[in-house]
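*Asks:* Next comes the sequence, and after it the predicted model I'd like to discuss.
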Amino acid sequence: MSRPTPKVARCLPLLDDWARRSQRSVIFDFNGTLSDDEPILQEIFTELFAEHLGYDLTPEDYYSRLAGHSDREIVELVVGERAPGELALAEELLRQRRDRYKEKVAHTSPIGPQAVQLVHRLASGGVPMAIVTGAQREDVMCVVENSDVRPYIDVIVTEEDVRCGKPDP
């Protein structure tokens, strides 16, 4: 395991003290938090929207308006704006987004070494961990199953497990 950065090293005593307390747990969001994959998603959505809708999605528009929403919400919003009523197109874009994502994360996990180190540290303190996300289960499992964090994640709640996404609690 790599050595922690100085910034992380300063936090370790606090983390260790917290981990020794009873009734504690950690719930991770997935995209852009546990998994540093927002740039991957932004790239995929940019490609898909250009190809199918003639829409030039800028990074600013993606991060200010779309990031943080479920993939379905993103696609339905943009298709609704650019091609109203095209439900079949929305489903096709979701399928293509899922396939492209799996290709991009197949060989390099977007869960970086610092996130892995944090999960290992929490696990060594007996801290239960979960992922709760608006991402699709297939995406989460594709990344988590091929990472060093899988043995330590007790619960995974994804888009398919809820009726309403963010910001609905």
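*Replies:* Yes, it's here.
*Asks:* Name the spans of this structure whose pLDDT lies under the cut-off.
*Replies:* 1-2, 169 (pLDDT under 70).
*Asks:* Pairing-wise in the sheet, spell out the partners of the residue positioned nearest the centre of the chain.
*Replies:* The residue lying closest to the centre of the chain (C-alpha atoms, centre = their mean) is N31, at 1.8 Å. Using DSSP bridges, the beta-bridge partners of N31 come out as S35.
*Asks:* distance of it from I131?
*Replies:* 10 Å (C-beta to C-beta, to the nearest Å). Where C-beta positions appear, they are placed from N, C-alpha and C, glycine not excepted.
*Asks:* Tell me how this protein divides into domains.
*Replies:* Domains of the chain are assigned by automatic domain parsing as 6-35+109-161, 38-105.
*Asks:* Between those, which one is closest to P167.
*Replies:* Across the domains of the chain, P167 has its closest neighbour in domain 38-105 (9.2 Å, C-beta to C-beta).
*Asks:* Next, count neighbours for Q42.
*Replies:* The number of residues packed near Q42 is 19, by other C-beta atoms under 10 Å.
*Asks:* Shouldn't it be within a helix?
*Replies:* Yes: the assignment for Q42 is a helix, going by DSSP: H, G, I helix; E, B strand; the rest coil.
*Asks:* Identify the residue nearest it in space, chain neighbours excluded?
*Replies:* Spatial nearest neighbour of Q42, chain neighbours left out: Y62 (4.6 Å); criterion: C-beta to C-beta, 6 or more residues apart in numbering.
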